[in-house]
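A.B. asks: Whatever this is, show me its structure:
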Amino acid sequence: MYPTDFSDVSLHALEHCIPEIIKRGIEEIHLLHVIDITVAEFEAFELEEVYREKLEKLARKLEKRGADVKPVVTIGLPSMEIAEIAEKEGVDLIVIPSAGENVWRRMFLGSTASNLARTTQRPILLLKYGKEGDKIEPPTDCGRIFSRPLIALDFSKCSVKIIKTVKEFRKDVDSAILLHSIDYGKIEELEHNISVAKKNLEKTAKGLGVKAEKEVLVGSASQAIIGMALSKGATLIVIGKKGRSFIRDLILGSTAERVIRDSKVPVLLVPCD
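C.D. replies: Now for the predicted structure:
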């Protein structure tokens, strides 16, 4: 599924990134536009036909790239509508671009991307765009987006789901970075915990079946993930999102929340509930 709001960033991703993802073997795309009822209010129903025509034109262009495209226009709260339709249609992946926003707005109000991350039970590929004035800065070359993933693991059941998801695009991986961050345990247990983590990463690498570097760091998980992704030249961060309350995530943030907010490279978010 690709939700679009017809912004410059969204249209750029649709033109330059989605076609590259189609080449990875995508058969069907649900092209979605949600008319935000909180913004459009009574005009929403009048706009529906206008946006349907715009979406149809985009769909026809996208079909020339080799995928069956199903355009849908709906009215409601964007994150809720995207999550509900994705669940109903059984989509394998939601792809959504995200551009830099005012930090205070992100912290207190959120965005469609971060709200969607809280609500959906489908994997999300978040394309990270930068903005300098009116100029947009594209993410990693989408043709190579899966070539060097950094895979964050905590060795829980969530990690099993993450590895299962990565195996879906294993043929596109040149090399991976497997990362575990130790932010738990007593000081006297640190050496033992590092040793155990290294052994677990070795087992995971063998099961994944791709060339992989194994890294164990001590400290904040979100800082370790973002820093390692930059230093190792990762093209993608793969991380799990465990269920927590909306209010707790909004106020305190989870590791996944901080990563999708601050990462400069695309993020593949795997729900683990």
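A.B. asks: which stretches of this structure form strands?
C.D. replies: Here the chain has its strands, by DSSP state E, at 2-3, 28-36, 68-76, 94-99, 124-132, 135-137, 149-152, 176-182, 212-218, 236-241, 267-271.
A.B. asks: Confidence-wise, which of those strands is weakest overall?
C.D. replies: With a mean of 73, strand 135-137 has the lowest mean pLDDT of the strands of the chain.
A.B. asks: Show me what counts as buried in that strand.
C.D. replies: For strand 135-137, burial by neighbour count (16 or more other Cβ atoms under 10 Å) applies to residue 136. The C-beta positions use only the backbone N, C-alpha and C, and glycine is treated the same way.
A.B. asks: Give me the helices and strands touching it, please.
C.D. replies: helix 8-16, strand 124-132 (3 or more Cβ pairs under 8 Å, 6 or more residues apart in numbering; DSSP states H and E).
A.B. asks: can you redo these as TSV with distance to residue 239 and mean neighbour count?
C.D. replies: Shown next, in TSV, are the helices and strands packed on strand 135-137 (distance: least, Cβ to Cβ, whole Å; neighbours: other Cβ atoms under 10 Å):
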stretch	distance to residue 239	mean neighbour count
helix 8-16	20	18
strand 124-132	10	19
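A.B. asks: low-confidence ranges in the stretch 101-250 of the chain?
C.D. replies: Applying pLDDT under 70 to the stretch 101-250 of the chain picks out residues 101-111, 131-134, 139-140, 243-250.
A.B. asks: What ranges does the stretch 151-273 of the chain have for its helices?
C.D. replies: Along the stretch 151-273 of the chain, the segments classed as helices by DSSP state H, counting those that start in this stretch run 157-167, 190-208, 221-231, 246-252, 255-262.
A.B. asks: Buried residues, stretch 61-79. List them.
C.D. replies: Neighbour count says stretch 61-79 has 62, 67, 69, 71, 72, 73, 74, 75, 76, 77, 78, 79 buried, by 16+ other Cβ under 10 Å.
A.B. asks: With adjacent residues omitted, what lies nearest to residue 153?
C.D. replies: Excluding its sequence neighbours, the residue lying closest to residue 153 (Cβ to Cβ, 6 or more residues apart in numbering) is residue 159, at 4.4 Å.
A.B. asks: Hmm, the one you found is touching residue 203, no?
C.D. replies: No - here residue 159 lies out of contact with residue 203, judged by Cβ atoms under 8 Å, at a distance of 11.0 Å.
A.B. asks: Figure out how far stretch 49-56 is from the centre of its chain.
C.D. replies: Mean-position distance between stretch 49-56 and its chain equals 26 Å (Cα atoms, centre = their mean, to the nearest Å).
A.B. asks: which parts of it are buried?
C.D. replies: 51, 55.
A.B. asks: got the contact list for that stretch?
C.D. replies: 4, 6, 31, 33, 35, 71, 72, 73 (Cβ atoms under 8 Å, 6 or more residues apart in numbering).
A.B. asks: now with 10 Å?
C.D. replies: Applying Cβ atoms under 10 Å, 6 or more residues apart in numbering, the contact partners of stretch 49-56 are 4-6, 31-35, 40, 44, 69, 71-75.
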